[in-house]
Structures are given as structure tokens and as C-alpha cells.
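1. the sequence and its predicted three-dimensional model are supplied below.
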Amino acid sequence: MDRESARMEENMTNRELIIELEKERDLTDTGFHQLLHDLTQEDREFLFARARDIREREYGKAVFVRGLIEFTNICRNDCFYCGIRKSNTKVDRYRLSPEEILGCAREGYGLGFRTFVLQGGEDAWYTKDRLADVIRMIKKDFPDCAVTLSVGERTREEYMCWYEAGADRYLLRHETADESHYQLLHPAQMSLQSRKECLYILRDIGYQTGAGFMVGSPGQTVDNLISDLRFLQELRPHMIGIGPFLAHKDTPFAGETDGSYEQTLILLGILRLMFPGVLLPATTALGTIAPDGRERGLLAGANVLMPNLSPVGVRKKYELYDNKICTGEESAQCRDCLSRRVESVGYRIVTDRGDCRDYFSNPSQGRIPHKT
Ligand code: 5AD
Ligand code: FES
């Protein structure tokens, strides 16, 4: 952004800034500061209405659903915010077998899911080859489905192997794009640089790639959030996962203040304006912080929901933060509940892989997806 527009932004009202953001898909840091600091209720409603307009132009009223299979809570990492961190000895650890994972996918298929997200801790039992076998099994039985992986930082060789086995997408939140803030949230062995490297490798291989961050994590400033937006502009991911930070009682961040619900909604709106075609989930954390959080997320520009397909017996054990919702419900109950929620705000869940639109219209955003 040039000096002239920067100077103009300094004198803009919030409403003018929102219009500018929609037009330019970008603002100066000063402009972002203003939006992240002092939006009135009216400004927010205006932002959300613009975001909905764009979302409906890109995706209509469709809401994509992803069946989340939390297949292992065993993790070698020790992120300070996370309930299943290695040092939390109170966690009852579990690992689903490949057959159990396939069973979840089968149930999900019957419920209309056409994307399965295999999410887990960084669990060494699930080696490159074992996970590749699971991916191949799912793709063989459900060739019309997308497989998304979310298993953390691994080597290029592993990422390549899983892509060749048929995985389509990969979620790896960067968590925060500020170096010193990253250090505050993670043990010394982890680095923002390796996380970013993984994201670039994933994109380069051809995965539809998802990054993202927590809103209101301990020590986070508005400048940190602007760094997150700048990093996303550089990476141009297909998916962006954000949700409020929520304290977990058995972590070093127990007793820290939860992230802000309103700030999360504002960021969803801003992200929709910046990245019109991006896949943007209204996350479980958002549904946990407020009973109608996911519906409000949809009304602020989100277009994806990721309900849980894990067996009910293990759900409580995958508690990244306190009071996580949907841990007692069967998959079919969640699916019905979600349909009602989505319809209550005028949208509808579709049975569709739900690929990123930009992905097809802008080849520089990645390679052609696997043939099914
Ligand atoms: N509060 C909110 N989100 C969390 N995550 C992990 N721990 C927490 C927490 N305490 C998020 C991280 C991770 C994703 C799977 O869940 O952003 O990438
Ligand atoms: Fe799980 Fe409502 S979405 S119970």
C-alpha cells in the first residue's frame, strides 16, 4: 500500500475502512489497528453484512461440513496452551486403530460427509507407512471423498508419501506469526520458522493447505494479529482456521483469560473480506465460548463446520481446552443438531467435498486435485 492511501486511511471512519478493505483486500497496519480496536456494534454488523455478501457471492448459501476424526491424543509436543500436551499426565491416552478410523469414516459417509479430517497429536506409532495405509483404505472405499490430514509437523518425505497415497488437504495452524509470541506459547524446541517451512512444503507438494491462529492467546497483542494477517497474505492458504483461545485447567495456561468471542467474529469478517474464496470454518472453540457461536460465525463470513465423528467413548479424552462441546453426542445427533443450527440462520449443509473455489480458478494457488 502506498503512502498516499496510508494517509487517506488515517482519516477514515470504520465504515469507510471496511469498504476500503473489501475493495483492496488489504489495509495498512494503521487501518487494521483501527478495525481491531474500536468497532461499534453498528460497525460490526456492517462488517458482517459485507462478509456475508461476499461469502454468498462465492459459495451461495451452502455450508460445507467436514467429519473430524480425532484418531490419537498421544503427542510428543508440549505446547503450553494445549490440553493433550505431553506433560499433561492426567490425560487418558488413546489411539484408534486403522479399522476404527475406517469405521468412523463409514458412519460419516452415511451421514452425508464427503470430507474426513484425520486429526491427531504427533504420535510416533502412526508412521509414514501406517498413515499412508489408512489414507489408501479410505480413498479406496470412498473415492468421492476428500481426505484432510492434521497431524502436525512432519518431514517433506512423509507429506509427499501421504499426498501420493491420496490425501488432498492439510491443516497446520501457524498459531501466531510473531516470533517472540510463538516462543511464549511453545517450548524452546519448537520454532515459528519450522512451522512456516512445513506450510510452504505442503503448499508446494500440492495440498490444499490450511493455516490459522488462536484469538486472544496469552500475551497476544493487536500487532501480533496484524502479523497473522500479513503472514496469511504471504502464504495465501486455501483454508484458515481461527478460534478463541480457551484455557485448559491442566496446562501452564490454566487461569489465563479466554480469548474474545467478539474479536474472533470480527477477524472472521476481516478474513472473508481479505480472502473472498477461502474456506473458513466456524470452529468448535467458537461454539464452546458461546452457545450460538458457530451460527454467529456463519453470519460473520464463515462457510465450513467441522463436527466430530470420533467414537463417543474417546471424545472427552481429546480435550484441547475446558468444556469442549459435543463430547457426549453421537455423530448422527451432532449432524442433526448442526443442520437445525445452520438452517436457523438461513444456510444449508450440502453433501459435497467442498473444495476451495479459488483452487480451481487460480492455478497459482496449487496443483490440480487428485482424480477420484
Ligand atoms: N484453546 C483454543 N484452541 C486451542 N487449540 C489447541 N489448544 C487450544 C486451546 N487451549 C487449537 C490450536 C490447534 C488446534 C487443533 O486447536 O490452534 O492448532
Ligand atoms: Fe454436536 Fe450440536 S453439533 S450436539
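-> Nice, thanks for sending it over. Ligands and ions are numbered 1, 2, ... in the order given.
2. residues contacting residue 173?
-> By Cβ atoms under 8 Å, 6 or more residues apart in numbering, the contact set of residue 173 is 210, 211, 212, 213, 214, 241. Yep, even glycine has a C-beta here, placed from its N, CA and C like the rest.
3. burial count for the residue in the stretch 151-300 of the chain positioned nearest to ligand 2?
-> Closest to ligand 2 within the stretch 151-300 of the chain is residue 287: 7.2 Å, counting by Cβ to the nearest ligand atom. Look at residue 287: counted by other Cβ atoms under 10 Å, it has 23 neighbours.
4. wouldn't it be in contact with residue 323 here?
-> No - contact criterion Cβ atoms under 8 Å: residue 287 and residue 323 do not qualify, at 10.7 Å.
5. all strands for the stretch 151-300 of the chain, in order.
-> In the stretch 151-300 of the chain, the segments counted as strands under DSSP state E, counting those that start in this stretch are 169-171, 208-215, 239-244.
6. residues contacting whichever residue of the stretch 1-150 of the chain sits closest to ligand 2?
-> Sorted by distance to ligand 2 under Cβ to the nearest ligand atom, the residues of the stretch 1-150 of the chain start with residue 65, at 10.3 Å. Residue 65 is in contact with 112, 113, 115, 304, 305, 306, 307, 335, 338, 349, 350, 354, counting by Cβ under 8 Å, 6+ apart.
7. give the ChimeraX command for selecting the buried subset of these.
-> Listed next is the ChimeraX selection for buried residues among the contacts of residue 65, using 16 or more other Cβ atoms under 10 Å:
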select :113,115,304,305,306,307,335,338,349,350,354
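8. picking up where we left off before, out of the strands of the stretch 151-300 of the chain, which one sits most buried?
-> With neighbours defined as mean count of other Cβ atoms under 10 Å, the strands of the stretch 151-300 of the chain peak in mean count at strand 169-171, which reaches a mean of 27.
9. same for that strand, what does it pack against?
-> Contacts defined by 3 or more Cβ pairs under 8 Å, 6 or more residues apart in numbering; DSSP states H and E place strand 169-171 against strand 115-120, strand 146-150, strand 208-215, strand 239-244.
10. try it again with 6 Å
-> Under the contact criterion of 3 or more Cβ pairs under 6 Å, 6 or more residues apart in numbering; DSSP states H and E, strand 169-171 touches strand 146-150, strand 208-215.
11. can you check the pLDDT for the closest residue to residue 179 other than its chain neighbours?
-> Closest residue to residue 179 apart from its sequence neighbours, by Cβ to Cβ, 6 or more residues apart in numbering: residue 192 at 5.4 Å. As predicted, residue 192 sits at a pLDDT of 98.
12. okay, now the unreliable bits of the stretch 101-250 of the chain?
-> Judged by pLDDT under 70, the stretch 101-250 of the chain has no weakly predicted residues.
13. returning to that earlier point: may I see the helices and strands packed on strand 169-171 arranged in a markdown table, with distance to residue 35 as well?
-> A markdown table is the format used below for those (distance: least, Cβ to Cβ, whole Å):
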| stretch | distance to residue 35 |
| --- | --- |
| strand 146-150 | 29 |
| strand 208-215 | 14 |
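14. just list the residues touching the spatially closest residue to residue 151 that is not a sequence neighbour, thanks.
-> Leaving out its chain neighbours, the residue that sits closest to residue 151 by Cβ to Cβ, 6+ apart is residue 120, at 5.3 Å. By Cβ atoms under 6 Å, 6 or more residues apart in numbering, residue 120 lies in contact with 71, 72, 151.
15. filter those residues down to the ones close to ligand 2.
-> By Cβ under 6 Å from any ligand atom, no member of the contacts of residue 120 lies near ligand 2.
16. format these as TSV; extra columns: neighbour count and distance to ligand 1.
-> Converted to TSV, these look like this (neighbours: other Cβ atoms under 10 Å; distance: Cβ to the nearest ligand atom, whole Å):
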residue	neighbour count	distance to ligand 1
71	26	13
72	22	13
151	22	10
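17. next, the angle strand 115-120 makes with the strand or helix carrying residue 107.
-> Counting by DSSP states H and E, the element that carries residue 107 is helix 98-110. Interaxial angle, helix 98-110 versus strand 115-120 (axes from the mean of the first three to the mean of the last three Cα atoms, to 10 degrees): 150 degrees.
18. and ligand 2, which of the contacts of residue 65 contact it?
-> Okay, of the contacts of residue 65 touching ligand 2 (Cβ under 6 Å from any ligand atom), that's 307, 338.
19. let's see which of the contacts of residue 65 end up in helices.
-> Using DSSP state H, the members of those that fall in helices are 335, 338.
20. need the per-residue pLDDT for the residue of the stretch 1-150 of the chain closest to ligand 2.
-> Looking at residue 65, the pLDDT reads 98.
21. do residue 70 as well
-> Residue 70 is given a pLDDT of 98.
22. that's a helix at it, yeah?
-> No - judged by DSSP: H, G, I helix; E, B strand; the rest coil, residue 70 forms no part of a helix; its state is strand.
23. got the contact list for it?
-> Shown in contact with residue 70 (Cβ under 6 Å, 6+ apart): 119, 310, 318.
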